[in-house]
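A.B. asks: Quick one: sequence plus predicted model below, questions after.
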Amino acid sequence: MTVNKEELKNKIIYRSQYRGSKEMDLLMSAFVKSIINDININDLLKLNELVNLGDENLIYLRNNPTDSKINTENNIVNKFISFKY
């Protein structure tokens, strides 16, 4: 399966801006914009998974990274946890 990198980037950007809560829209879109042009295709796929998580899971991940069920060994997840908005 081949992945069109630009199409995937556009999907990620769109999803990051339209999440459900305005606060998470702002946080996630700022995070995505800060890294999207500097990561490889594998990290884009990880980022796509991250932006498709529910807002509640992302908030819990940011506030309780060690207790989260989300794999924090993922470098994209770690960048999200440490991202300063």
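C.D. replies: Thanks, I have the structure now. Source: prediction; values computed, not measured. Residues are numbered from 1 along each chain as shown.

A.B. asks: Where do the helices of this protein begin and end?
C.D. replies: Taking DSSP state H as the test, the helices found in the chain are 5-17, 22-35, 41-51, 55-63, 75-82.

A.B. asks: just the angle between the first one and helix 22-35, please?
C.D. replies: Just to be clear, that refers to helix 5-17. Between helix 5-17 and helix 22-35, the angle comes out at 150 degrees (axes from the mean of the first three to the mean of the last three Cα atoms, to 10 degrees).

A.B. asks: helices or strands next to the helix or strand of the chain with the lowest mean pLDDT in the packing?
C.D. replies: When the helices and strands of the chain are scored by mean pLDDT, DSSP states H and E, helix 55-63 comes last with a mean of 91. Helices and strands touching helix 55-63, by 3 or more Cβ pairs under 8 Å, 6 or more residues apart in numbering; DSSP states H and E, are helix 22-35, helix 75-82. Placement of C-beta: from N, CA and C, glycine included.

A.B. asks: Please produce TSV containing the ones you listed, extended by mean pLDDT.
C.D. replies: Output for the helices and strands packed on helix 55-63, formatted as TSV (pLDDT from 0 to 100):
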stretch	mean pLDDT
helix 22-35	96
helix 75-82	93
